[in-house]
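Peer 1: Sharing a model prediction with you, sequence too.
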Amino acid sequence: MKKILVLCTGNSCRSQLAEGYLRYYAGDKAEVYSAGVETHGVNPRTIATMKEDGLDISGHTSNNISEYLGVDFDYVITVCDNAKERCPYFPTKAQKLHYNFPDPAKATGTEDQITKAFRDVRDMIKAYSADFVQHHLK
């Protein structure tokens with residue numbers, strides 16, 4: 001079974017979305033974790049946005065990267081440029097992948113505009129996750 005770590009700045013939005021979808025698409029082919037270079041707590045809008053798509057991530061926690069330094073990951077996926085730049089050295093064989101998704105937590109405007117920003121990023125991460133599983137977890 002492969003071990004995947006999704007890394008973001010605060011482990012509140014993008015990495016939580018990716019963890020949820022990677023777990024969903026990978027099934028029993030992988031153990032999926034997420035962490036941040038900081039911890040900001042799981043954003044309630046992230047939980048609500050995933051619930052709209054039928055996935056319950058309300059039990060997810062916001063974890064710091066230091067909690068996983070001893071884990072031998074197969075893949076480390078950074079989902080924002082800040083995490084890529086600040087990602088500590090992993091003394092493992094992990095293949096490192098990167099995609100800079102927009103941060104929905106920084107969205108401004110009306111409630112509808114903010115909700116749309118979360119949905120847009122969710123949909124981008126959902127497609128990325130499905131593609132990752134198809135190409136890396138055959």
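Peer 2: Looks like it arrived, so ask away. Numbering: from 1, shown residues only.

Peer 1: Identify the residue nearest residue 61 in space, chain neighbours excluded?
Peer 2: In space, and not counting its chain neighbours, residue 61 is closest to residue 42: 7.0 Å by CB to CB, 6 or more residues apart in numbering. Using the backbone N, CA and C atoms, a C-beta is placed for each residue, glycine as well.

Peer 1: Grab the nearest non-local neighbour of residue 130.
Peer 2: Residue 130's closest residue in space is residue 25 (CB to CB, 6+ apart), at 5.3 Å.

Peer 1: quick one: that neighbour is in a strand?
Peer 2: No: applying DSSP: H, G, I helix; E, B strand; the rest coil, one finds residue 25 to be helix, outside a strand.

Peer 1: got a list of what it touches?
Peer 2: Residues in contact with residue 25 (CB atoms under 8 Å, 6 or more residues apart in numbering) are 129, 130, 132, 133.

Peer 1: for the residue nearest to residue 61, helix, strand, or coil?
Peer 2: coil.

Peer 1: what's the pLDDT at residue 36?
Peer 2: Among the per-residue scores, residue 36 holds a pLDDT of 92.

Peer 1: Thought residue 64 was touching it, still the case?
Peer 2: Yes: counting by CB atoms under 8 Å, residue 36 touches residue 64, with 6.4 Å between them.

Peer 1: So which of the two has more stuff around it?
Peer 2: residue 36 (26 against 14; other CB atoms under 10 Å).

Peer 1: number of nearby residues for the nearest residue to residue 29 once chain neighbours are set aside?
Peer 2: In space, and not counting its chain neighbours, residue 29 is closest to residue 137: 4.5 Å by CB to CB, 6+ apart. Using other CB under 10 Å, the number of residues around residue 137 comes to 17.

Peer 1: any residues in contact with both of residue 36 and residue 64?
Peer 2: Counting by CB under 8 Å, 6+ apart, the residues touching both residue 36 and residue 64 are residue 11.

Peer 1: So which of the contacts of residue 25 sit within helices?
Peer 2: Of those, the ones assigned to helices by DSSP state H are 129, 130, 132, 133.
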